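Novice: Curious how this folds, go ahead:
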Amino acid sequence: MNFILIFGPQAVGKMTVGHELEKITELKLFHNHMTIEMLYPIFGFGSELWRLTDQFRVDIFEAVSKSNLYGLIFTYVWAFDQQADCDFIEKICNIFESKGGQVYFVELEADLEERLKRNKTPHRLEHKPTKRDIERSESDLKRTMETYRLNSIEGEITRKNYIKITNTNLRSEEVAAIIKEKFDLK
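Specialist: Have a look, this model is predicted:
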């Protein structure tokens, strides 16, 4: 079992890269908005949405880790300065590692100007209805960037299976190919 965690700030291209990686491997994509979009119409962005989102994700990871799937791609906005996020990452990695699975970290970073462009792409808006209010989405993107540290600092991630890609000027297909080759994914 392979678990590929693609993380980075909003609109950096995590889901789009995940879709491309899914096309060229036997991995399945479970992007972070799949649970958010399901719960948002009922709970809005309140605490119950986040509690249930985490619970659903853990349940899905548990089920996948016991399955005969080749592996799973998961996307996540990881606030490195928030202990709860670090604990969640540790918890989900442990689900796979405790069953002999391999965990791969893929960190994406891109400049703000590019992320603001990507925030409006048809692909993103198709899969993430809560991002369709562009004004609110852009405001949230900028606010979280000022409030949280959404990319690691050099040397912070010490895992063997880790790559950091600056994808400002790379197409999602190129990034997916880099990931596939780096981790020898089939």
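Novice: quick one: average confidence on the one helix or strand residue 34 maps to?
Specialist: Assigned by DSSP states H and E, residue 34 belongs to helix 33-43. The pLDDT scores in helix 33-43 average 97.
Novice: Could I get the buried residue list for it?
Specialist: Neighbour-count burial for helix 33-43, counted by 16 or more other C-beta atoms under 10 Å, picks out 33-36, 39-40. To be clear about C-beta, it is placed using only N, CA and C from the backbone, and glycine gets the same treatment.
Novice: just stretch 166-182 next, same as before
Specialist: Quick answer for stretch 166-182 (16+ other C-beta under 10 Å): 167-168, 170, 172, 175-176, 178-180.
Novice: Give me the contacts around it.
Specialist: Stretch 166-182 has contacts (C-beta atoms under 8 Å, 6 or more residues apart in numbering) with 4, 12-13, 16-17, 19-21, 23-25, 104, 106, 108-111, 114, 163, 165, 185.
Novice: where's the most centrally placed residue in the chain, which helix or strand?
Specialist: Against the mean C-alpha coordinate of the chain, by C-alpha atoms, centre = their mean, the closest residue is residue 75 at 1.5 Å. Assigned by DSSP H and E, residue 75 belongs to strand 71-76.
Novice: Now do that strand and helix 33-43, the angle between them.
Specialist: 50 degrees (axes from the mean of the first three to the mean of the last three C-alpha atoms, to 10 degrees).
Novice: and the residue nearest to residue 2 when sequence neighbours are not counted, how many neighbours?
Specialist: In this structure, residue 2 finds its nearest non-sequential neighbour in residue 71, 3.0 Å apart by C-beta to C-beta, 6 or more residues apart in numbering. Neighbourhood size, residue 71 [other C-beta atoms under 10 Å]: 22.
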